[in-house]
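Asker: let's see this in three dimensions:
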Amino acid sequence: MKYLCLIYDNEQEWQKFPADVQQKYMGEYGAFTDSIKQSGQFVGANQLQPTNTATTVRARNGKLSTTDGPYAETKEQLGGYYLIEAKDLNDAIQVASRIPSARSGSIEVRPVVEARAM
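Answerer: Have a look, this model is predicted:
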């Protein structure tokens with residue numbers, strides 16, 4: 001079964017880290033990615049651009065509205081994701097717990113509804 005691991009962290013705190021700390025962190029991400037590729041659990045992953053590049057779209061009563069940036073007030077922002085293959089939720093949680101941002105932010109684990117062939 002596929003699970004989406006949404007990575008939430010504080011963008012502003014990341015910017016405060018010295019370059020060597022950022023490089024170490026990204027090295028940990030590289031090692032994590034390699035490990036789930038080797039285990040066969042990796043399906044896909046991407047880092048997202050900062051929240052100031054986001055646009056929130058809503059359609060209400062036939063009218064389209066857009067808002068610059070994410071709309072939710074929160075201390076942590078969605079920064080990226082891993083799409084993984086796991087045997088069950090417990091397995092997915094174990095994988096998500098190894099994502100480096102689990103130590104400073106949070107990882108939301110959600111099962112994916114896979115589309116059926118038409």
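Asker: would you map the strands across the protein?
Answerer: For the chain, the strands defined by DSSP state E occupy 2-9, 42-47, 55-60, 63-68, 77-85, 106-111.
Asker: buried ones in the last one?
Answerer: Judged by neighbour count (16 or more other CB atoms under 10 Å), strand 106-111 contains these buried residues: 107, 109. No exception for glycine: its C-beta is placed from N, CA and C like everyone else's.
Asker: what residues does it touch?
Answerer: The set of residues external to strand 106-111 that reach it, using CB atoms under 8 Å, 6 or more residues apart in numbering, is 1-9, 76, 89, 92-93, 96-97, 99, 101.
Asker: list only buried entries from those.
Answerer: For the contacts of strand 106-111, a neighbour count by 16+ other CB under 10 Å gives the buried set as 2-5, 7-9, 76, 92, 96, 99, 101.
Asker: least confident of those?
Answerer: Within the buried ones among the contacts of strand 106-111, residue 76 has the lowest pLDDT, namely 81.
Asker: distance of that residue relative to residue 21?
Answerer: Residue 76 is 18 Å from residue 21, where distance means CB to CB, to the nearest Å.
Asker: which helix in the chain runs the most residues?
Answerer: The helix spanning the most residues in the chain, taking DSSP state H as the definition, is helix 19-39.
Asker: where does the protein have low pLDDT?
Answerer: 70-73, 117-118 (pLDDT under 70).
Asker: swap the cut-off to 90 and go again
Answerer: In the predicted model, the chain carries pLDDT under 90 at residues 10-15, 49-59, 62, 64-77, 103-105, 113-118.
Asker: what sits against the residue lying closest to residue 81 once chain neighbours are set aside?
Answerer: In this structure, residue 81 finds its nearest non-sequential neighbour in residue 6, 5.2 Å apart by CB to CB, 6 or more residues apart in numbering. Applying CB under 8 Å, 6+ apart to residue 6 gives the contacts 78, 81, 107-110.
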